[in-house]
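*Asks:* would you be able to build a 3D model of this:
(one chain, ligands or ions: 2)
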Amino acid sequence: MGNKYFNPEGMDILDEPIYGGSSTGFVDFNRSRYKWDVKIYDLMNANTWFPSEVNTANEKKNFEMLSDNEKEIYKLTFAQLSFNDSAQEEYLADFRSLATNRLVKATLTLQMMQEVNHSKSYAVLLDAAGNSSEVFDLYKKDNALRRKNERIAEQFARYITGNSAQEMLLSAMASVNLEGIYFLLGFGYIYTLGDKVPGARDMIKFISRDELNTHLPLFANIFKTIQKENKIPASVIDKSYEMISEAVDIELEYGSYLIENYPIMGLSKDLIQRTVYNYANDRLRKIGLEPIFEESEKTYLQKLVEKHLNMNEVKQNFFEANVSTYAKSSIDLDDF
Ligand SMILES: [Fe+2]
Ligand SMILES: [Fe+2]
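*Replies:* Ligands and ions are numbered 1, 2, ... in the order given. Below you'll find the predicted structure:
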């Protein structure tokens, strides 16, 4: 009698779906049922970075020179982003246990490691800025921050029992929202501070590349594949639309709170709304659904985020050696 660690009676390795069935228990990178999983795994590996590569020596001095509102934006942004990565690591462990295909699971394992690396990077940065415990504990004082975290956590928990392919699909949707929506205004805010806090900006560059270049494509492919491999009723797809609408509301609620209470140059309510709507439409297209939000021209914040996704723009010597690897492996993550 086999079990999940070794089951000689398990399915042929090329037949292992994301949901259901049983694996023999082998991780064989030369036999992938999908193409995107190994491509994303390789791209994640090619992008490996360490928090110590970011120069944070002047972070405290730079932080002290920010205006009062900029300081609050900085702290409340990192307080929220650091929650996202902590939650995502834990969620991924649970989501991974719902999956059968071992190469998809292997890719999720690497993603978990990267989320832990992001948590480490916040600790390194905030330690350098001299406000680590204060920022990590802000949820105790700030109700808007606490509410955003609670709403994200509630959406993560809603379907994670994964009792069916439909529930696993909706769990994947929660992660599309995390990787593709909940980080984005935060990235934009730190890029808006930009040259004033180069340590924070460079740390966010590395993190955003992981989230947007690999984690989001991974979950978009997982979503599409679960949908393709199972009979998913229209009512479940409707729930996916509801979940992203909720994500847009979560992101805009916190985003509006920050810029209303701590206004800084370059940010407005209209700008963040157009930005989040555009992102949400893009994420819907990425998972094969129809855009449902009012679409506008690419915003200044979107362009800022996009600019920093470009690997060739990185100045650090470390990355020069890796750029070609990156370019080679950044092709076509969508096909399967
Ligand atoms: Fe992350
Ligand atoms: Fe991520």
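
*Asks:* which bits of the stretch 1-150 of the chain sit near ligand 1?
*Replies:* Counting by CB under 5 Å from the ion, the residues of the stretch 1-150 of the chain close to ligand 1 are 85, 115, 118. C-beta: built from backbone N, CA, C; applies to glycine.

*Asks:* what is the nearest of those to residue 219?
*Replies:* The closest of those to residue 219 turns out to be residue 115 (CB to CB; 12.6 Å).

*Asks:* give me the phi and psi for the closest one.
*Replies:* As for residue 115, its main-chain torsions (degrees, to the nearest 10) stand at phi -70, psi -40.

*Asks:* what's the pLDDT at it?
*Replies:* Note for residue 115: predicted pLDDT of 98.

*Asks:* can you give me the neighbour number for the nearest residue to it once chain neighbours are set aside?
*Replies:* Closest residue in space to residue 115, ignoring its immediate chain neighbours: residue 89 at 4.2 Å, by CB to CB, 6 or more residues apart in numbering. Here the number of neighbours of residue 89 (other CB atoms under 10 Å) works out to 18.

*Asks:* could you do residue 110 as well?
*Replies:* 16.

*Asks:* hmm, back to that, closest to residue 28 out of the residues of the stretch 1-150 of the chain next to ligand 1?
*Replies:* For those, with residue 28 as the reference and CB to CB as the criterion, the closest is residue 115, at 25.2 Å.

*Asks:* on that earlier part again, and the strand or helix carrying the residue nearest to residue 115, how far from the chain's centre?
*Replies:* Assigned by DSSP states H and E, residue 89 falls within helix 68-96. Distance of helix 68-96 from the chain centroid (CA atoms, centre = their mean, to the nearest Å) equals 10 Å.

*Asks:* let me know the next secondary structure element after the strand or helix carrying residue 191.
*Replies:* For residue 191, the host element (DSSP H and E) is helix 184-193. Beyond helix 184-193 on the C-terminal side, the first helix or strand identified by DSSP H and E is helix 198-209.

*Asks:* elements contacting the helix or strand just after that next one?
*Replies:* Next helix or strand after helix 198-209 toward the C-terminus (DSSP H and E): helix 216-229. Applying 3 or more CB pairs under 8 Å, 6 or more residues apart in numbering; DSSP states H and E, one finds that helix 216-229 contacts helix 36-46, helix 102-129, helix 165-177, helix 269-286.

*Asks:* packed most tightly, which of these would that be?
*Replies:* helix 165-177 (a mean of 24; mean count of other CB atoms under 10 Å).

*Asks:* tell me the angle of that one relative to helix 216-229?
*Replies:* Comparing the axes of helix 165-177 and helix 216-229 via axes from the mean of the first three to the mean of the last three CA atoms, to 10 degrees yields an angle of 160 degrees.
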